[in-house]
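Peer 1: Quick one, structure for this:
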Amino acid sequence: MRKLAALILALLIPPLSAGAGEEEISRMRLPLDEWFNLMISGVKVGYAHNYTELVEKDGQKLLRIRSEMRMKVRRMSSSLEISQTRESLLDISLTPKRFISSITEPSQTRRAEGWIEDGRARLRLELDGEVHEETIDLPDNVIFEEALGYYALLKGMKAGESRQLSLFSLELLKPIPVEIRVLRRDKVRYKGEERPVYVVSYRIKIMGGLENVEWIGEDGVTYRMEMSGLMGLKMELVKTDMADALGEVGELDVIINTKLFPSGEPIFGHPLHLKAKVSLSEGDLEKAFMRTDEQKLVKLGDGEGLLLITRKPISEEEAPLLPIKDPELAEFLSPTLYIQADDPEIVEKAREIIGDERNSWRAAKLICRWVYENIRDKSLRVGFGSAKTTLETLQGDCTEHTVLFIALARAVGLPARICAGLVYHRDAFYYHFWPEVYVGRWVQMDPTLGEYQADATHIMLAGGKLESDTALEYGEGVLRTLNRLTIEVLEAR
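Peer 2: Below you'll find the model as predicted:
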């Protein structure tokens with residue numbers, strides 16, 4: 001199952017203070033030290049801490065925002081802990097200047113650093129000791145996500161008024177369109193007193209649309225933030241004090257809370273044909289599912305459709321020889337931050353696995369079998385292991401099986417990419433990742449479950465991007481459908 005916790009962590013860090021000028025900055029209660037309980041479905045799973053202060057650097061006044069978040073969730077019998085720290089610098093006109101971001105999971109730490117000047121961002125990413133650098137162009141209206149909270153207040157926005165900006169996400173490391181809207185004036189109760197607040201909405205145009213709603217005082221103090229559009233679970237940050245924030249957390253199992261029980265006909269074994277009626281309570285059903293030669297969706301009505309999946313026979317004799325050098329497939333042969341297909345140890349292991357085999361389908365089966373048999377610790381404790389880390393530890397769940405398989409395949413010239421979606425296992429559908437390889441046509445495999453050809457209960461959801469240097473884009477389609485999708489099995493054979 002996909003590492004949902006990392007995504008929650010990245011998206012729930014609350015927007016914090018930033019002004020529009022020196023006069024406006026003086027209205028802020030600096031330094032501002034805030035603590036929050038992180039809640040999912042009413043269960044405390046961690047905390048967030050933010051510290052905002054005015055500093056001077058090279059004769060220039062800057063806002064420095066330090067953010068920290070820690071969370072702990074259960075995944076069946078395993079516990080997963082993830083932490084994230086950030087430091088952002090921006091001038092008093094809200095212009096981003098510099099940032100450092102670090103995400104620590106059980107198996108690794110990903111560090112990102114950026115310098116912003118003259119409309120360009122120079123980025124440096126580090127994972128598994130490898131460094132990647134790039135420079136990207138930014139729009140004129142870019143703003144750090146940490147700077148959203150005070151924008152509406154210090155720009156004098158009124159109830160019903162909205163603004164369009166570009167949010168520079170420290171998780172995706174790119175600008176994303178965002179709409180800021182002041183919904184209304186309201187009051188909240190905190191420590192026995194009523195406090196006047198503005199209720200401000202931030203609509204982030206990613207993953208089909210995410211909305212954060214913040215209750216923020218005139219002095220910039222955030223009392224609560226809620227997020228919808230992700231996982232179908234209620235997620236919020238609630239203001240508290242340090243002692244309470246650092247206190248005990250509750251028990252929340254993200255797998256149990258997101259698995260999907262189908263209705264209709266039972267599923268036995270590994271069917272090669274699946275016919276099911278599907279519906280989505282929120283969002284666009286047609287945008288939720290991938291359409292391929294083997295997977296079709298027929299729209300039945302508002303929010304309902306007929307899903308048809310049929311696995312086709314594979315011709316071993318027609319499979320091309322390795323290495324496959326089609327320029328149109330170059331993207332699926334290249335290394336990425338998490339898929340280190342050019343790492344010497346991965347290249348050596350891939351060559352060892354396939355030996356003298358040059359038939360692409362037979363080579364794919366050799367790699368699939370090796371990954372299935374050698375990752376013996378099917379651990380749910382791993383956060384989001386890269387291919388290099390997985391080869392070293394030989395542990396992980398579907399994500400680690402998939403990234404290692406793809407890296408090994410690419411290392412010997414076999415195009416491979418990720419599939420994100422659902423798989424039926426024992427009693428329910430679970431959110432899952434698996435690879436597909438190009439052997440004259442794209443064929444889905446599942447090294448996690450040991451299937452050379454993934455059966456028809458593997459349902460591909462739209463979204464998901466492995467050709468990325470961030471973790472958030474991997475499971476976009478999965479997150480859009482969590483707790484919103486229903487499946488009625490009509491036929492499985």
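Peer 1: For the rest of this, base every contact and every neighbour count on C-alpha atoms.
Peer 2: OK.
Peer 1: Now do the contacts for residue 289.
Peer 2: With contact taken as CA atoms under 8 Å, 6 or more residues apart in numbering, residue 289 is in contact with 297, 460-462, 477.
Peer 1: And for residue 83?
Peer 2: 9, 68-71, 103-105.
Peer 1: Repeat the analysis, applying 6 Å as the threshold.
Peer 2: For residue 83, the contact set (CA atoms under 6 Å, 6 or more residues apart in numbering) comprises 69-70, 103-104.
Peer 1: May I have the predicted confidence score for it?
Peer 2: On pLDDT, residue 83 comes in at 88.
Peer 1: now it, nearest residue through space, not along the chain?
Peer 2: residue 70 (4.3 Å; CA to CA, 6 or more residues apart in numbering).
Peer 1: re the thing from before, which of the contacts of residue 289 sits closest to residue 141?
Peer 2: Checking these against residue 141 by CA to CA gives residue 477 as the nearest, at 28.0 Å.
Peer 1: Report pLDDT for that closest one.
Peer 2: Note on residue 477: pLDDT of 60.
Peer 1: Quick one: the helices in the stretch 51-200 of the chain, in order.
Peer 2: Secondary structure of the stretch 51-200 of the chain (DSSP state H, counting those that start in this stretch): helices located at 151-154.
Peer 1: repeat for the stretch 351-493 of the chain
Peer 2: 360-374, 387-393, 398-411, 476-481.
Peer 1: can you list the domain ranges for the chain.
Peer 2: Residue ranges for the domains of the chain, per automatic domain parsing: 4-245, 273-492.
Peer 1: Tell me the gap between the longest one and the middle of its chain.
Peer 2: Average the C-alpha atoms of domain 4-245, do the same for its chain, and the two points are 16 Å apart (CA atoms, centre = their mean, to the nearest Å).
Peer 1: Run through the neighbouring helices and strands of whichever helix or strand residue 226 is part of.
Peer 2: If you go by DSSP states H and E, residue 226 is part of strand 222-228. Counting contacts by 3 or more CA pairs under 6 Å, 6 or more residues apart in numbering; DSSP states H and E, strand 222-228 is packed against strand 210-217, strand 235-240.
Peer 1: Determine which of those shows the lowest mean per-residue pLDDT.
Peer 2: strand 210-217 (a mean of 90).
Peer 1: Just checking: what are the partner strands of that strand?
Peer 2: When pairing is defined by DSSP bridges, strand 210-217 lines up against strand 193-204 (antiparallel), strand 222-228 (antiparallel).
Peer 1: If we ignore the residues flanking it in sequence, what's nearest residue 132?
Peer 2: Spatial nearest neighbour of residue 132, excluding adjacent residues (CA to CA, 6+ apart): residue 125 at 5.1 Å.
Peer 1: Count the residues that sit near that neighbour.
Peer 2: Residue 125 is flanked by 22 other residues according to other CA atoms under 10 Å.
Peer 1: just residue 252 next, same as before
Peer 2: Neighbours of residue 252 using other CA under 10 Å come to 21.
Peer 1: What distance do you get for residue 182 to residue 175?
Peer 2: 22 Å (CA to CA, to the nearest Å).
Peer 1: So residue 247: helix, strand or coil?
Peer 2: Here residue 247 is recorded as coil under DSSP: H, G, I helix; E, B strand; the rest coil.
Peer 1: thinking again about what came up before, closest to residue 191 out of the helices and strands packed on strand 222-228?
Peer 2: Residue 191 lies closest to strand 235-240 among the helices and strands packed on strand 222-228, at 9.1 Å (CA to CA).
Peer 1: before we move on, the earlier item: would you list the helices and strands packed on strand 222-228 in TSV and tack on distance to residue 86?
Peer 2: Converted to TSV, these look like this (distance: least, CA to CA, whole Å):
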stretch	distance to residue 86
strand 210-217	19
strand 235-240	17
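Peer 1: least reliable of the strands paired with strand 210-217 going by mean pLDDT?
Peer 2: Mean pLDDT is lowest for strand 222-228 among the strands paired with strand 210-217, at a mean of 88.
Peer 1: got the CA coordinates for it in CSV?
Peer 2: As requested, the backbone C-alpha atoms of strand 222-228 are provided in CSV (Å, rounded to 0.1, in the frame of the first residue of the first chain):
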residue,chain,number,x,y,z
THR,A,222,-4.2,30.1,13.7
TYR,A,223,-6.8,28.3,15.8
ARG,A,224,-7.8,25.4,13.5
MET,A,225,-7.2,24.1,10.0
GLU,A,226,-9.2,21.5,8.1
MET,A,227,-8.4,19.8,4.9
SER,A,228,-10.8,18.0,2.5
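Peer 1: now what about it, what contacts it?
Peer 2: For strand 222-228, contacts defined as CA under 6 Å, 6+ apart pick out 211-216, 235-239.
Peer 1: which one of those is nearest residue 292?
Peer 2: Nearest member of the contacts of strand 222-228 to residue 292, counting by CA to CA, is residue 211, at 30.6 Å.
Peer 1: What separation do you get for the nearest residue to that closest one once chain neighbours are set aside and residue 270?
Peer 2: Nearest non-adjacent residue to residue 211, counting by CA to CA, 6+ apart: residue 203, 4.5 Å away. Separation of residue 203 from residue 270 (CA to CA) stands at 41 Å.
Peer 1: Please apply the same query to residue 484.
Peer 2: For residue 484, the distance to residue 270 equals 25 Å [CA to CA].
Peer 1: Over to residue 341?
Peer 2: Taking CA to CA as the measure, residue 341 falls 31 Å from residue 270.
Peer 1: Same drill for these two, tell me which one is more crowded.
Peer 2: Remark: of residue 341 and residue 270, residue 341 carries more neighbours, 28 against 17, as counted by other CA under 10 Å.
Peer 1: From what I see, the more buried one and residue 409 are in contact.
Peer 2: No. Checked against CA atoms under 6 Å, the pair residue 341 and residue 409 is beyond contact range at 8.0 Å.
Peer 1: Which residues are in contact with residue 130?
Peer 2: Per CA under 6 Å, 6+ apart, neighbours of residue 130: none.
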